[in-house]
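>>> Below are the sequence and a predicted model for it; my questions follow.
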Amino acid sequence: MMSNSAINNKIQLRRHFAALRDALRPEERREKSERIRVRLFESPWYREASSLFTFMSFRSEVETGPVIADALRQGKRVMLPRIDREKREMQAVEISGPASLTKNAMGIWEPARELPPFEGSIDLLLAPGLAFDLRGYRLGYGGGYYDRFLATRQVKKSVGLAFEIQIGPELPHEPFDMRLDQLISEKRILSFTGKEKKNTEYGP
């Protein structure tokens with residue numbers, strides 16, 4: 001169990017990075033999101049993936065609507081998260097387009113309740129977050145949904161999408177926190193490979 005000081009530290013970090021991201025002007029966010037998408041679309045992991053699990057961007061997150069549209073256009077199987085808060089579980093649910101979506105209680109678009117969960121393996125998972133570090137750790141929103149999902153589901157590659165201002169040198173983490181395989185910002189791609197997931201960086 002985390003100490004009170006560790007919990008408070010994470011709360012402060014979430015507030016700090018949320019404020020940085022929220023401070024981006026809409027036109028800045030769109031331009032930076034486009035640069036991130038260009039890097040993603042050029043990635044062999046994305047090009048070769050036949051199944052994609054991605055988040056539906058909300059508020060000031062990296063915009064993923066064009067990613068979803070591109071993947072569907074290419075014939076990829078596209079999954080979005082659906083949260084069951086009673087079970088504290090995130091499900092991957094395959095969608096076919098906007099008609100598959102409904103707004104949840106928080107105002108986030110997610111797959112309709114009548115659609116069944118996708119139980120197969122996932123070639124590529126795209127993860128949101130408030131902050132990311134140079135070792136592959138992410139700081140989410142506190143629910144632990146992505147960590148539990150990555151720990152229990154077959155996901156071949158996991159990639160975080162983030163603005164450069166969301167990246168710090170080192171974030172606090174717990175044993176149950178799952179590390180990503182790669183992180184893409186508007187300025188660079190950070191790849192965490194091997195048993196120790198050593199950092200390699202390339203850009204611009």
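Okay, I see it.

>>> Identify the nearest residue to the spatially most central residue of the chain in space, disregarding sequence-adjacent positions?
For the chain, the residue nearest the mean C-alpha position is A127 (1.2 Å; CA atoms, centre = their mean). Leaving out its chain neighbours, the residue that sits closest to A127 by CB to CB, 6 or more residues apart in numbering is G160, at 4.9 Å. Where C-beta positions appear, they are placed from N, C-alpha and C, glycine not excepted.

>>> Please apply the same query to R153.
Nearest non-adjacent residue to R153, counting by CB to CB, 6+ apart: I122, 6.8 Å away.

>>> The one you found is in contact with M79, isn't it?
Yes: applying CB atoms under 8 Å as the test, I122 and M79 come out as touching, 6.9 Å apart.

>>> Overlap in contacts, those two.
S51, L52, F53, A92 (CB atoms under 8 Å, 6 or more residues apart in numbering).

>>> just to revisit the earlier point, check contacts around the residue nearest to the centre of the chain.
So A127 contacts F55, R138, Y146, S158, V159, G160, L161, L180 (CB under 8 Å, 6+ apart).

>>> Buried subset of these, written for ChimeraX?
Here is the ChimeraX command that selects the buried residues among the contacts of A127 (16 or more other CB atoms under 10 Å):
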select :55,138,146,158,159,160,161,180
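
>>> And the contacts of A127, which is closest to E63?
The shortest gap between E63 and any of the contacts of A127 belongs to L161, at 9.3 Å (CB to CB).

>>> ok, so what distance separates the closest one from P117?
Using CB to CB, to the nearest Å, L161 is found at 23 Å from P117.

>>> do I167 as well
Distance of I167 to P117, computed by CB to CB: 32 Å.

>>> Looking at those two, which is more packed in?
Using other CB atoms under 10 Å as the criterion, I167 and P117 rank with I167 on top: 19 against 14.

>>> Which residue is the nearest non-sequential neighbour of that one?
Distance criterion CB to CB, 6+ apart; nearest residue to I167, sequence neighbours excluded, is F132 at 5.3 Å.

>>> what about the one you found, is that helix, strand or coil?
Using DSSP: H, G, I helix; E, B strand; the rest coil, the structure places F132 in strand.

>>> tally of neighbours for it?
24.

>>> so it bridges to which residues?
With DSSP bridges applied, F132 shows beta-bridge pairing to R138, I167.

>>> residues in contact with it?
F132 neighbours (CB under 8 Å, 6+ apart): R138, L139, G160, A162, Q166, I167, G168, L171, L180, L183.

>>> so the residue nearest to A127 touches L180, yeah?
Yes: counting by CB under 8 Å, L180 is a contact partner of G160 at 4.9 Å.
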